[in-house]
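A.B. asks: I'll drop the sequence and a predicted model, then ask my questions.
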Amino acid sequence: QVQLVESGGDLVQAGGSLRLSCAASGSFASINAMDWYRQAPGKQRELVATITSGGGTNYADSVKGRFTISRDNAKNTVYLEMNSLKPEDTAIYYCHALIKLRLWLANREYWGQGTQVTVSS
């Protein structure tokens, strides 16, 4: 069974930094795109950043220049480095990945359980 487990969420002051990690475990053939989403109270879940298997990245306009997504394919892990944090970054951050259980199968979506990031003003 494939699992995504996030860590690194915390309470931080505005202007501070955090690094989130998400590790995939279980039996699978390959991991394709990996993403970070977030959901603030009363708001819809939104895409924050994406990284492809080849390392291409894309960011939401609200985090460009402040957040950096990266991955370590050997560790099946994706990271989100968050700098210059603002109170509006407060949310539960979710890891998402497209994973092939076997090479001849289609991608399946997997989600982590979420990690809370709270930025105080």
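C.D. replies: Perfect, I can see it now.

A.B. asks: helix or strand for the most centrally placed residue in the chain, which one?
C.D. replies: Among the residues of the chain, residue 36 comes closest to the average C-alpha position under C-alpha atoms, centre = their mean, at 2.7 Å. Under the criterion of DSSP states H and E, residue 36 resides in strand 30-39.

A.B. asks: gap between that strand and the chain center?
C.D. replies: In terms of C-alpha atoms, centre = their mean, to the nearest Å, the centre of strand 30-39 is set 6 Å apart from its chain centre.

A.B. asks: same question, stretch 106-117
C.D. replies: Average the C-alpha atoms of stretch 106-117, do the same for its chain, and the two points are 8 Å apart (C-alpha atoms, centre = their mean).

A.B. asks: And for that stretch, what's in contact with it?
C.D. replies: For stretch 106-117, the surrounding residues in contact (C-beta atoms under 8 Å, 6 or more residues apart in numbering) are 2-10, 12, 18, 20, 22, 24, 32, 38-39, 82, 85, 89-101. Placement of C-beta: from N, CA and C, glycine included.

A.B. asks: Check stretch 11-22 too.
C.D. replies: 4-10, 34, 36, 77-87, 93, 95, 97, 112, 115, 117-121.

A.B. asks: hmm, back to that, from the contacts of stretch 106-117, which would you call buried?
C.D. replies: Of all these considered here, the ones buried according to neighbour count by 16 or more other C-beta atoms under 10 Å are 4, 6, 8-9, 12, 18, 20, 22, 24, 38, 82, 85, 89-99.

A.B. asks: Show me those that map onto strands.
C.D. replies: Assigned to strands by DSSP state E, the following of the buried ones among the contacts of stretch 106-117 qualify: 4, 6, 12, 18, 20, 22, 24, 38, 82, 91-99.

A.B. asks: So residue 32 is in contact with residue 54, correct?
C.D. replies: No - between residue 32 and residue 54 there is no contact, the gap being 9.6 Å when judged by C-beta atoms under 8 Å.
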